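Trainee: Give me coordinates for this.
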Amino acid sequence: MRRLRRIKILATLGPASSDSTMIRKLFEAGADVFRINMSHTPHDKMRELVKTIRNVESSYGRPIGILVDLQGPKLRLGSFANGPIQLNNGSSFVLDSIKEPGDETRVYLPHPEILAALKLGDALLLDDGKVRLICEETEGDRAVTRVVIGGKMSDRKGVSLPDTDLPMSAMTNKDRADLEAACETGIDWVALSFVQRAEDVVEAKRMIRGRAAVMAKIEKPQAIDRLEDILDVSDALMVARGDLGVEMPLERVPSLQKQMTRMARRAGKPVVVATQMLESMISSPVPTRAEVSDVATAVYEGADAIMLSAESAAGKYPVEAVSTMNRIGEEVERDPLYRGVLTAQRPEPEPTAGDAIAGAARQIAETLDLSAIICWTSSGSTALRVARERPKVPVVAITPNLNTGRKLSAVWGVHCVVAEDAKDQDDMVDRAGRIAFRDGFAKSGQRVIIVAGVPLGTPGATNMVRIAYVGPSDTDV
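Mentor: Below is the predicted model:
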């Protein structure tokens, strides 16, 4: 199951893709990580999906990552007494704490933290940005707004606040229960919604206690303003373009996507580009030309992974969506321009031994035309540093830790093999050659470069490179 592309694919599971046969087909089509959306998945179903994925994983002998995506706070209006209303441009509309059905002049807002945090001039976006209000007066338990962009409004529509820093956690009680259940089940990644500040990620990590890695979803303007701090404490980023495009001008999203992709690469942390990548394939067997270009752009930018949401979870053509994304990735990476774009974006190595050695390994491998870079890694740190270089040659990570292998399934270009740890350096070199040959990364007589930390098994201690031939004994697998 060696992939012929470097970028990874995340596929969301749902009604169209929850049984073993379909999950197997999605993996064969190119899915590297499966996403479980806790907005729509009860705990029993989540556990069933994890068990099914692990069964598929064991039958192929290749690590598969599982990402659980927490719902986050859902800010919604109350209900209306006589059904939907029409909000007209220029009219006044009040949001208050009175627990009664609303009308054309007011509505209950069951979130006192919003009313307390609103400031004059703050925007409120209703129903995914279809209606826009501006706060003109606040009185603690009520806010008077002016309708800037009117429209139809009905019960329980969502509220977004692009200008307001809300003093609330990124996790609700439901999220905390979902998170604990997911960690007990043994998932690999947690996607944290509604991140506004680094403290939100730290709070989640305290609950997780090292049982999974945290991917911060960047979907709010407040997170953009504190991106460096958030990235510093996160294990990965997700460019959540859907909500980001609601709370910020749409025309800013492409540049923010590029900024986040490059920032995450500089930090040596995975970045996932998500939302509406092949949206038309929910109902069509082929994507639009614009969607193909959108996916290709993320590949050219050097993102670690691209994600399918409703396309694979609820669409009519989940397997076709994954295989289409797979083909786009392969085709872009064959383009001679692709390598030039990645090289131009390559960050300078950080002043650490691990980064310096990863950079040297990439340069040696490309200068000597070696067949692969083989990383022996316990924590995954060595593979992450090498992947940050976006080398021309394949990257193979060998780890004794299955959990590390699963996490690395979201990292650009890393083909992960779970194997017993090396006994010594000779064993390390011998088995690296065997695995490179077995998985099709090197032929007998070719050379590979091996990167590791000595003493073996020491997390984050990348300090050794070694060039080795794949000899006749290495081919005897």
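
Trainee: So which residues of the stretch 201-350 of the chain form helices?
Mentor: If you assign secondary structure with DSSP state H, counting those that start in this stretch, the helices in the stretch 201-350 of the chain sit at 221-225, 227-233, 241-247, 253-267, 289-300, 310-313, 318-334, 336-344.

Trainee: Could I get the ones you listed in CSV, plus columns for mean neighbour count?
Mentor: Backbone N, C-alpha and C define where each C-beta goes, glycine included. CSV is the format used below for the helices of the stretch 201-350 of the chain (neighbours: other Cβ atoms under 10 Å):
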stretch, mean neighbour count
helix 221-225, 19
helix 227-233, 17
helix 241-247, 20
helix 253-267, 18
helix 289-300, 18
helix 310-313, 26
helix 318-334, 21
helix 336-344, 12
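
Trainee: want to throw the ones you listed into a markdown table with mean pLDDT and distance to residue 432?
Mentor: What follows is the helices of the stretch 201-350 of the chain, written out as a markdown table (pLDDT from 0 to 100; distance: least, Cβ to Cβ, whole Å):
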| stretch | mean pLDDT | distance to residue 432 |
| --- | --- | --- |
| helix 221-225 | 95 | 40 |
| helix 227-233 | 98 | 32 |
| helix 241-247 | 93 | 39 |
| helix 253-267 | 96 | 26 |
| helix 289-300 | 98 | 28 |
| helix 310-313 | 98 | 35 |
| helix 318-334 | 98 | 24 |
| helix 336-344 | 94 | 25 |
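
Trainee: now for the ones you listed, which one comes closest to residue 430?
Mentor: With Cβ to Cβ as the measure, helix 318-334 is the member of those nearest residue 430 (30.8 Å).

Trainee: pLDDT averaged over whichever strand or helix holds residue 200, what's the number?
Mentor: Using DSSP states H and E, residue 200 sits within helix 198-208. Average pLDDT, helix 198-208: 98.

Trainee: What of stretch 33-43?
Mentor: Model confidence over stretch 33-43 averages 97 on the pLDDT scale.

Trainee: how far does that stretch sit from the chain's center?
Mentor: Using Cα atoms, centre = their mean, to the nearest Å, the mean C-alpha position of stretch 33-43 is found 14 Å from that of the whole chain.

Trainee: Give me the buried positions along the lowest-mean-pLDDT helix or strand in the chain.
Mentor: In the chain, the helix or strand scored least confidently by mean pLDDT, DSSP states H and E is strand 462-469, which has a mean of 89. Neighbour counts over strand 462-469 (16 or more other Cβ atoms under 10 Å) mark 462-465, 468 as buried.

Trainee: what do you get for stretch 419-432?
Mentor: 422, 428-432.

Trainee: Regarding it, how distant is the last residue from the first?
Mentor: Chord length of stretch 419-432, first to last residue, is 10 Å (Cα to Cα, to the nearest Å).

Trainee: can you check stretch 401-421 too?
Mentor: One end of stretch 401-421 sits 9 Å from the other (Cα to Cα).

Trainee: What mean pLDDT does it get?
Mentor: 96.

Trainee: how far does it sit from the chain's center?
Mentor: Between the mean C-alpha position of stretch 401-421 and that of its chain there is a distance of 16 Å (Cα atoms, centre = their mean).

Trainee: cool, stretch 110-121 as well?
Mentor: Offset of stretch 110-121 from its chain centre (Cα atoms, centre = their mean): 31 Å.

Trainee: what does it contact?
Mentor: By Cβ atoms under 8 Å, 6 or more residues apart in numbering, the residues outside stretch 110-121 that reach it are 75-76, 78, 95-97, 99, 109, 124, 134-138, 140-143, 159, 161, 163-168.

Trainee: and if you look at stretch 248-259?
Mentor: Residues from elsewhere that reach stretch 248-259 (Cβ under 8 Å, 6+ apart): 162, 218, 221, 224, 227, 239, 241, 244-245, 273, 297-298, 301.

Trainee: picking that back up, mind checking which of the buried residues of stretch 419-432 land in strands?
Mentor: When DSSP state E defines the strands, the subset of those inside them is empty.

Trainee: Look up the residues forming beta bridges with residue 85.
Mentor: Beta-bridge pairing of residue 85, defined through DSSP bridges, involves residue 153.

Trainee: Contact partners for it?
Mentor: The neighbourhood of residue 85, defined by Cβ under 8 Å, 6+ apart, consists of 102-104, 152-154.

Trainee: In TSV, list these along with distance to residue 282, pLDDT and neighbour count.
Mentor: Putting the contacts of residue 85 into TSV (distance: Cβ to Cβ, whole Å; pLDDT from 0 to 100; neighbours: other Cβ atoms under 10 Å) gives the following:
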residue	distance to residue 282	pLDDT	neighbour count
102	33	96	23
103	36	96	11
104	35	95	14
152	24	96	12
153	26	96	21
154	24	96	12
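
Trainee: which one of those is nearest residue 232?
Mentor: residue 153 (39.8 Å).

Trainee: can you pull the pLDDT of residue 471?
Mentor: 75.
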